[in-house]
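Asks: Generate coordinates for the sequence data below:
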Amino acid sequence: MNSSVSAIPRHIAIIMDGNGRWAKSRGLPRFIGHERGLAAVRKVVARCRERGVEALTLFAFSTENWRRPPEEVSKLMDIFGWALVREVEKLHENNVCLRVIGECSRFSIEIQQKISDAQAKTASNNGLTLTIAANYGGRWDMVRAVQNWSLRYPDKPISALTETELAPFLALADLPEPDLLIRTGGEKRISNFLLWQLAYAEFYFTDALWPSFDGTHLDEAIADFAKRQRRFGMTGDQILGDKGNA
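Replies: Next comes the predicted model:
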């Protein structure tokens, strides 16, 4: 694995946290925070394109989020469905490839169709790859990967399974692994997000609530990332030695 550090991460993953608290602090219903969070998504997508980021993966709805009050879940589904229609045209115009990962079969048939249509419309775009993780969980991802590996190789014993063989069956397998994870809202955990893929990512936590997060905040996270020394299991001296011999 290459230990060199680029000033710009190829792949950024974001846990968009704090929509409800943003709304509550302003005396607004929680769903208003989710609506304003969509505006933050637009800003971050635009800045990622400006900075030359190749891939952006956003944690929109986890497998655990179904436990929220039914009225909030219903509003989230409405916003998700609306965004899939209203936002996709601009994404397409800006050469953004939109993808959705997660167990989509739990969504309504209408939302599933909107997901399919949005992905098909932007499939040939070769700019930023924007992935929305919806009804996604890192544990689900790994279990599903093992199941799909077993279906592909029914004659192989489970003892033959290796990291290399499993990797292609995981979500985002065709993208570089995330270099940088950003979590807004002040919490410092990854909440079952991309458990496999974040193994060597750099973490950046900010108190900014997601609706307030913008391009300047993203620039700050990228600047912090650029200061890191990514060792990938090696020592700092080894990395410095490699640079000296380059």
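
Asks: any idea how far residue 144 is from the spatially closest residue to residue 139 that is not a sequence neighbour?
Replies: With C-beta to C-beta, 6 or more residues apart in numbering as the criterion, residue 139 has its nearest non-adjacent residue at 6.0 Å, and that residue is residue 192. Using the backbone N, CA and C atoms, a C-beta is placed for each residue, glycine as well. Separation of residue 192 from residue 144 (C-beta to C-beta, to the nearest Å): 14 Å.

Asks: Can you pull up the most central residue in this structure?
Replies: residue 57 (2.4 Å; C-alpha atoms, centre = their mean).

Asks: how long is stretch 18-35 end to end?
Replies: Stretch 18-35 has its terminal residues 12 Å apart, counting by C-alpha to C-alpha, to the nearest Å.

Asks: Now do the strands in the chain.
Replies: 11-15, 55-62, 97-101, 129-136, 180-183, 202-205 (DSSP state E).

Asks: Nearest to residue 169 among those strands would be which one?
Replies: Each of the strands of the chain was checked against residue 169 via C-beta to C-beta, and the shortest separation belongs to strand 97-101, namely 12.6 Å.

Asks: Tell me the helices and strands packed up against the closest one.
Replies: helix 109-122, strand 129-136 (3 or more C-beta pairs under 8 Å, 6 or more residues apart in numbering; DSSP states H and E).

Asks: Identify all contacting residues around the longest one.
Replies: Residues external to helix 109-122 that are found in contact with it (C-beta atoms under 8 Å, 6 or more residues apart in numbering): 77, 80-81, 84-85, 88, 91-92, 96-100, 104-105, 107.

Asks: Next, the angle strand 129-136 makes with the lengthiest helix in the chain.
Replies: Residue-count comparison of every helix in the chain, with assignments taken from DSSP state H, identifies helix 30-51 as the longest. Interaxial angle, helix 30-51 versus strand 129-136 (axes from the mean of the first three to the mean of the last three C-alpha atoms, to 10 degrees): 150 degrees.

Asks: buried residues in helix 30-51?
Replies: Within helix 30-51, the residues scored as buried using 16 or more other C-beta atoms under 10 Å are 30-38, 40-41, 44-49, 51.

Asks: What's the separation between the nearest residue to residue 179 once chain neighbours are set aside and residue 185?
Replies: Once its chain neighbours are removed from consideration, residue 179 has its nearest residue in residue 9; the separation is 3.6 Å (C-beta to C-beta, 6+ apart). Remark: distance between residue 9 and residue 185 (C-beta to C-beta) = 20 Å.

Asks: Looking at these two, which is more packed in?
Replies: residue 9 (27 against 21; other C-beta atoms under 10 Å).

Asks: Show the contacting residues for that one.
Replies: Going by C-beta under 8 Å, 6+ apart, residue 9 touches 53, 178-180, 202, 222, 225.

Asks: Give me the buried subset of those residues.
Replies: Among those, the ones that count as buried by 16+ other C-beta under 10 Å are 53, 178-180, 202, 222, 225.

Asks: Output stretch 85-105 in PDB with nothing but the alpha carbons.
Replies: Listed in PDB are the C-alpha atoms of stretch 85-105, where the atom choice follows Å, rounded to 0.1, in the frame of the first residue of the first chain:
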ATOM      1  CA  VAL A  85     -35.800  13.700  -8.700                       C
ATOM      2  CA  ARG A  86     -34.900  17.300  -8.100                       C
ATOM      3  CA  GLU A  87     -31.200  17.000  -7.600                       C
ATOM      4  CA  VAL A  88     -30.200  14.400 -10.200                       C
ATOM      5  CA  GLU A  89     -30.500  16.800 -13.200                       C
ATOM      6  CA  LYS A  90     -28.000  19.200 -11.800                       C
ATOM      7  CA  LEU A  91     -25.700  16.300 -10.800                       C
ATOM      8  CA  HIS A  92     -25.900  15.100 -14.400                       C
ATOM      9  CA  GLU A  93     -25.200  18.500 -15.800                       C
ATOM     10  CA  ASN A  94     -22.000  18.600 -13.600                       C
ATOM     11  CA  ASN A  95     -20.800  15.200 -14.800                       C
ATOM     12  CA  VAL A  96     -21.500  13.600 -11.300                       C
ATOM     13  CA  CYS A  97     -22.100   9.900 -11.200                       C
ATOM     14  CA  LEU A  98     -24.700   9.100  -8.500                       C
ATOM     15  CA  ARG A  99     -24.900   5.700  -6.800                       C
ATOM     16  CA  VAL A 100     -26.800   4.400  -3.800                       C
ATOM     17  CA  ILE A 101     -25.500   1.600  -1.600                       C
ATOM     18  CA  GLY A 102     -27.600  -0.300   1.000                       C
ATOM     19  CA  GLU A 103     -30.500  -2.700   1.300                       C
ATOM     20  CA  CYS A 104     -32.800  -0.800  -1.000                       C
ATOM     21  CA  SER A 105     -35.500  -3.400  -1.000                       C
END
